[in-house]
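Undergrad: Sequence and predicted structure, then a few things I'm wondering about:
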Amino acid sequence: MSDNWNFYMDELEEHLASFVVDLDVTEEVNIKKYKWLYSVSIVIKKPTELGFPEEQEDEIIGEWEYDLMERLNDEDIIQVGRLTTNGTREFFYYAKKEKHSKIIEQHALAIFEKNGYKTEISYIEEEEPWSFYYEFLYPNTYQFQHMSNRELVEVLENEKDHLEEPRKIEHWIEFESLNALKAFEQDIQKEGFKTEYVEQEKNEDGTYSITISREDGVDYPLIDDVTDLIIEIAQNHNGEYDGWESPVILSKRG
């Protein structure tokens, strides 16, 4: 278990879903030793219209989750993530031994069912070791960028930015060849983006870089839609999106 946890939102079976995942757990433990995957699922008592717990219930469940995580960690059972969707919250754990399921059940029931939450413990069979973690929990390129977007928007919010106000946002994209960059440039200009700068020579990373811009707001979910579009077109040309920056636009009053 690492200290690098983050979350992203997605849709799962037509319901909004919140994924929380330990992004660096595979760097902290020898995953070959953890071959058994289990989940603990609870039913949220008072879900919102979106299927998530209200703030007070969320805080209480979070305290119990941490308690369970600590107890299981002492038993060499590691939590790697959680999922909240459609009125349920599910926690995921990797264990070294099959018999550890009894330990998970014992502690989970003592914490959740003791407090009146319907609780279910399940074994999750994987085709390949840790495939569930990598293919289901771990964020893809788009979701990783959404995390970065959220962090940047929070910085702008702290600066009292008027998030909905359109402004020139610059984006950077890297390519392995200049031809791929030029092909991307033609496609992205069809979406209203302008070229600000092109590196005609390879940079220190061995790639070619292009800076593009367009006027957009940075509120949710608009900025995610913008970066999704750029990533999709960049990937069509084997490019890699490298982020964005925005000036601070203060709210206009009076």
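TA: Received the coordinates, thanks. Numbering: from 1, shown residues only.
Undergrad: Do me a favour and average the pLDDT over the helix ranked longest in the chain.
TA: Identified as the longest helix of the chain according to DSSP state H is helix 55-74. Averaged across helix 55-74, the pLDDT comes to 96.
Undergrad: Buried residues of that helix, list them for me.
TA: Buried residues in helix 55-74, defined by neighbour count with 16 or more other CB atoms under 10 Å: 57, 61, 64, 65, 68, 69, 71, 72. Every C-beta, even on glycine, is put in place using the N, C-alpha and C of the backbone.
Undergrad: If we only consider those residues, which is nearest to residue 207?
TA: residue 69 (39.9 Å; CB to CB).
Undergrad: dump the residue contacts of the nearest residue in space to that closest one that is not next to it in sequence.
TA: Using CB to CB, 6 or more residues apart in numbering and skipping the chain neighbours, the partner closest in space to residue 69 is residue 79 (4.8 Å). Residues counted as contacts of residue 79 (CB atoms under 8 Å, 6 or more residues apart in numbering) are 1, 22, 68, 69, 72, 73, 91, 92, 93.
Undergrad: which residues in the stretch 1-150 of the chain form helices?
TA: Using DSSP state H, counting those that start in this stretch, the helices of the stretch 1-150 of the chain run over 25-28, 55-74, 100-111, 131-132, 141-158.
Undergrad: Repeat that for the stretch 151-254 of the chain.
TA: Under the criterion DSSP H, counting those that start in this stretch, helices of the stretch 151-254 of the chain are mapped to 178-189, 222-235.
Undergrad: Include distance to residue 232 when you put the helices of the stretch 1-150 of the chain into TSV, please.
TA: Shown next, in TSV, are these (distance: least, CB to CB, whole Å):
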stretch	distance to residue 232
helix 25-28	27
helix 55-74	33
helix 100-111	40
helix 131-132	25
helix 141-158	8
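Undergrad: between those, which gets nearest to residue 41?
TA: For the helices of the stretch 1-150 of the chain, proximity to residue 41 was assessed by CB to CB; helix 100-111 is nearest, at 9.4 Å.
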